[in-house]
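Visitor: below: sequence and its predicted model.
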Amino acid sequence: MIGAHDSVIVLTISRMLIPLIQLYAIYILFFGQYSPGGGFAAGVIFGASLILAILVFGPETHAGAVATKVVAGDGLGLLVYAGVGGLCLIGGGEYLNYAALELPGLSEPARRSLGILLTQIGVGLDIAVTAVSIVLSLSFIPHGEGSHG
Amino acid sequence: MVELLEAVIKRPNFVAFVALFLWGLYIAITHHNLVKKLIGLYIVQTSVIFFFVTFAAKQGATVPILLSNDGKIEARAYTNPLPHALTLTAIVVQVATLGVSVAVVAGIYRNYDSLDEAEILKKLE
Amino acid sequence: MTNWFELVLLALVLITAGGAILVKDLISAAFILGSYSFFLALVWAWLGAVDLAFVEALVGAGLATVFFLLLLFQTAPKDKPIRRTRPPLAALLSLPPLGLLLIYAATDLPAFGDPSSPASTHVSPVYIENSMKDTLTPNFVTSIIMDYRGFDTLIETAVIFTAGIVCAAVLWRKEA
């Protein structure tokens, strides 16, 4: 159902815009502690850039195929988040108590700030991949004609 | 009675919340089209989030981001961030469950070839 | 509370919600729902919830509209009633008293913007005053959702992951 778009303007502009959108998503992710944003918004913006790649270039071309393969990393975000909690357990504190992360040379507020950053990366990854995955699931043609690539 | 009218008129946000909540709930219950039911549920969820954010506001307060680190931090000068945190989770979970319900409606269409509740109930018999 | 644009924003929110419900063409309803989300994001920004306005504009005016449009491109985009039915009596009898009860509860609510309301005292000033000292994070909402209340965000991430899996389980099929 989704094929490559046939207008040169759309293809060229998308080729320029998609890296800018992803850069903006990474900026929002890392500045989530100092301005509005954080992991949720960054994940949605990154997922939107991948959905744009699929919709404009089609799933068969190289750009679209990269975006469809991103769905293979589906559980990675949750693993990162829960894994940071597990690292805190290893460091001797309670689950998700970032003050117990074992890193030399960092004071306790700095450790908690680092813990916030790591878990925000996990949340952003999770939301980005889920958004792409739901869009790919919804774009199957009924009755089995063709595929999403 | 006069106090009730006065209390209602001073809170237009609350009246808007009640109107959206009841209208969305009515549409979710009674409309015959499945997609309109989803729209009704979406409106119900967003109206509840509206209510939460309304009672987090403070007169003369700014957004909940620290302005400057020196001096005493007045809690009076910042909007209450705790309902914002609760409703941020609610918004993201709302869109995730919207995705699931849209998938279920697509599955129903694939099997029964209609989005109308009466037709589907007739085909089920 | 005393600015004229606040009532205009509220009226726009109500009008677009009504429009999304009442139009017959479902693709138009999806777009009007997107504009409802956008006006709602403006209301959040007016009330001081900038993080929420950001996320609402992204997921409401963005992802929700995309999901609805993808659904409608595969199914019938028209809303044709098969027969005119009377609305069920139970809904008509029970919803107005519910509305009246909710309106009656308005007398017990704190005044709009009261800084000494129960929601803004007790725990919330503790988070505001200690967030920079404990976590080096000026954004209070981020420090609350990720550090002070981190378990909620963990389970929410699990819910989002499960939603993606369920969509795939319902809709994917092998090609014949």
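Guide: Cool, the structure landed.

Visitor: going forward, measure contacts between C-alpha atoms and count neighbours the same way
Guide: Fine.

Visitor: where in the chain is pLDDT low?
Guide: The chain I'm using is chain A. Low-confidence segments of chain A, defined by pLDDT under 70, span residues A:1-3, A:140-149.

Visitor: that's the other chain; I wanted chain C
Guide: Scanning chain C for pLDDT under 70 picks out C:1-2, C:76-85, C:174-176.

Visitor: domain map for it?
Guide: Chain C breaks down into these domains under automatic domain parsing: C:1-79, C:119-176.

Visitor: skipping adjacent residues, who's closest to the most centrally placed residue in chain C in space?
Guide: Centrality entry for chain C: nearest residue to the mean C-alpha point is C:E56, 7.2 Å, by CA atoms, centre = their mean. Leaving aside its sequence neighbours, C:E56 sits nearest to C:A41 (CA to CA, 6 or more residues apart in numbering or on different chains; 5.7 Å).

Visitor: distance of that neighbour from chain A?
Guide: Look at C:A41 and chain A: by CA to the nearest CA, to the nearest Å, they are 14 Å apart.

Visitor: where do the helices sit along chain A?
Guide: In chain A, the helices defined using DSSP state H lie at A:8-30, A:39-57, A:62-69, A:76-90, A:108-138.

Visitor: for the domains of chain C, which one sits closest to A:F30?
Guide: Among the domains of chain C, the nearest to A:F30 by CA to CA is domain C:119-176 (11.7 Å).

Visitor: in which helix or strand would I find the residue lying closest to A:T130 once chain neighbours are set aside?
Guide: Leaving aside its sequence neighbours, A:T130 sits nearest to C:G164 (CA to CA, 6+ apart; 5.2 Å). If you go by DSSP states H and E, C:G164 is part of helix C:150-171.

Visitor: who's in contact with the closest residue to chain B within chain C?
Guide: Chain C approaches chain B most closely through C:G113 (3.8 Å), counting by CA to the nearest CA. Shown in contact with C:G113 (CA atoms under 8 Å, 6 or more residues apart in numbering or on different chains): B:F55, B:A56, B:A57, B:K58, B:Q59.

Visitor: what residues does chain B have near chain A?
Guide: Listed as neighbours of chain A in chain B under the rule CA under 8 Å from any CA of the partner chain: B:I65, B:V92, B:G99, B:A103, B:A106, B:R110.

Visitor: okay, now the first one: neighbour count?
Guide: If you count neighbours by other CA atoms under 10 Å in any protein chain shown, B:I65 ends up with 22.

Visitor: if I pick the residue lying closest to it once chain neighbours are set aside, what's in contact with it?
Guide: Nearest non-adjacent residue to B:I65, counting by CA to CA, 6+ apart: C:N139, 4.5 Å away. By CA under 8 Å, 6+ apart, the contact set of C:N139 is A:G32, A:Q33, A:Y34, A:S35, A:P36, B:P64, B:I65, B:L66.

Visitor: just the helices from chain C, written as ranges.
Guide: C:4-22, C:26-46, C:50-58, C:65-74, C:89-104, C:124-135, C:140-143, C:150-171.

Visitor: most packed of those helices?
Guide: Sort the helices of chain C by mean neighbour count, taking mean count of other CA atoms under 10 Å in any protein chain shown, and helix C:140-143 sits at the top with a mean of 31.

Visitor: could you count how many residues lie near the residue of chain B found nearest chain C?
Guide: Closest residue of chain B to chain C, CA to the nearest CA: B:K58 (3.8 Å). Using other CA under 10 Å, B:K58 has 24 neighbouring residues.

Visitor: repeat that for the one 4 residues further on.
Guide: Burial measure for B:T62: 18 neighbouring residues, criterion other CA under 10 Å.
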